[in-house]
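>>> Take this sequence and fold it.
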Amino acid sequence: MSDELVLSTTDGAVRTMTLNRPAALNSFTGAMHEQLLAALNAAADDAAVRAVVVTGAGRGFCAGQDLNDPDMKAPDGGAPDVGAVIERRYRPLALRVRSMPVPVIAAVNGVAAGAGANFALGCDFVIAARSASFIQAFSRIGLIPDCGGTWLLPRLLGRARALGLAMTGDKLPAEEAQRIGLIWQCVDDAVLVESALALARRLATMPIRALADTRRALDLAVGLDYAGALQLEARMQGDLGRGHDYAEGVAAFLEKRAPVFTDR
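Residues are numbered from 1 along each chain as shown. Reported below is the predicted structural model:
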C-alpha cells in the first residue's frame, strides 16, 4: 500500500486532495490525519492555490475513524481516551477546514460515515455522487457526533432532523441529502469529479478573500443578535472595501469587462 495516504495534485489554481486508503474506505488513521492536515496547510500557504477539492480514492469518500488504528488503542489494553483523539486529531482538522483562505469542496464518492460525513459537511460545498450516502454512525458504537457534527447538523437541518439522523444512524442517500438541504448538489456518478472541478475553477476566478470572509461572517453571525450581525457586516465590508478586489470589481462593472481578482 502506498505510504501517501493523501494524494495532492494541482491543476491551475485548483488543488485536489484524495484520501488514499481505498481498501479501508479511506477511514481515518493518525497518519492520514497528519498528512491531510499538512496538505491543507500547504494549500493555505500557497498563494497560487485559489480553491481546494477533497475526494476519496476507490469506492468510498471516508468511513470515519479506523477503530483498529493505534490512536484508538490504550497502551494498557483498557478503554481508549476517545476525547483525547478528538482534541488531537479532529478538532485541528475541523478548524483548519473552517479557516481555509480559499473555498473547499468535498466531492463525495460512495459512503461518508461518522467523522467522514462531518468532515465533508464542514467544507464549503458538498457535491455527492448519486450513489453516495451519509451516515451518522456514532450511535452504533455508543458515541455522539464529532468532527463538528453537533454544531453542523442542527444548523444545516434543524433540531428534529439532526436528532433523527444522529440517534438512528440511518443511511441518508445523496439525493435525499440534497433535498433536505444537507448538501449542495447531487450529481450522476460519472460526472462527480468534473462537476467538483468545474465549481472549483469557477470559484478560483472569483474574489476568494470575499468568499472566505462570507463563510466567516455566516458562521460568526450564528452566535450574534441582529444588531451584532449588522456591526460585523460593517466591519468586514470596511476591510474588504479597502482591498484590490473591490476596486477591480467596481472598475470592471463600470467598464463592462471581466474582472481579474487577485486578493487572497
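>>> Partner strands of the helix or strand where V53 lies, with direction?
According to DSSP states H and E, V53 maps onto strand 51-56. The pairing partners recorded for strand 51-56 under DSSP bridges are strand 14-19 (parallel), strand 104-108 (parallel).
>>> do you know which of those strands lies nearest M72?
strand 14-19 (18.0 Å; Cβ to Cβ). From N, CA and C alone the C-beta is placed, and that goes for glycine too.
>>> was I right about M17 contacting V52?
Yes. The criterion here is Cβ atoms under 8 Å, and M17 meets it with V52 at 6.7 Å.
>>> picking up where we left off before, which other residues reach the strand holding V53?
13-19, 22, 25-26, 40, 43, 61-62, 100, 102-110, 120, 123, 192-193, 196-197, 200-201, 203-204, 208 (Cβ atoms under 8 Å, 6 or more residues apart in numbering).
>>> on that earlier part again, nearest to Q237 among the strands paired with strand 51-56 would be which one?
Here strand 104-108 is closest among the strands paired with strand 51-56 (Cβ to Cβ), at 23.3 Å.
>>> What's the first helix or strand after that closest one?
Proceeding N to C from strand 104-108, the next assigned helix or strand is strand 111-113, under DSSP H and E.
>>> Could you give me the buried positions within that following strand?
111-113 (16 or more other Cβ atoms under 10 Å).
>>> Tell me the one among those residues nearest to A212.
Using Cβ to Cβ, the buried residues of strand 111-113 come closest to A212 at A112, 23.6 Å.
>>> Show the contacting residues for the closest one.
Contacts of A112 (Cβ under 8 Å, 6+ apart): 60-62, 106, 119-120, 128, 132-135.
>>> try 6 Å this time
61-62, 120, 134 (Cβ atoms under 6 Å, 6 or more residues apart in numbering).
>>> same question, D69
T29.
>>> pLDDT wise, what is it at?
For D69, the pLDDT comes out at 93.
>>> The one 3 residues further on now?
As summarised for this prediction, M72 has a pLDDT of 90.
>>> Now that it has come up, it's in contact with P80, right?
Yes. With contact defined as Cβ atoms under 6 Å, M72 and P80 form a contacting pair (4.9 Å).
>>> What residues are bridge-paired with the residue nearest to N26 when sequence neighbours are not counted?
Among residues not flanking N26 along the chain, L19 sits closest, at 3.9 Å (Cβ to Cβ, 6 or more residues apart in numbering). L19 forms beta bridges with V6, G56, as assigned by DSSP bridges.
>>> Return the residues in contact with L19.
26, 56, 62.
>>> let's go with 8 Å and repeat that
L19 neighbours (Cβ under 8 Å, 6+ apart): 5-6, 26, 32, 36, 54-57, 61-62.
>>> Kindly report the same for P70.
So P70 contacts G30 (Cβ under 8 Å, 6+ apart).
>>> again, only this time at 10 Å
If you count contacts by Cβ atoms under 10 Å, 6 or more residues apart in numbering, P70 has them with 29-31, 80.
>>> gap between it and V85?
Noted for P70: a distance of 10 Å to V85, by Cβ to Cβ, to the nearest Å.
>>> Any buried residues in the helix or strand bottoming out on mean pLDDT in the chain, and which?
In the chain, the helix or strand scored least confidently by mean pLDDT, DSSP states H and E is helix 82-85, which has a mean of 94. Buried positions in helix 82-85, judged by neighbour count with 16+ other Cβ under 10 Å: V85.
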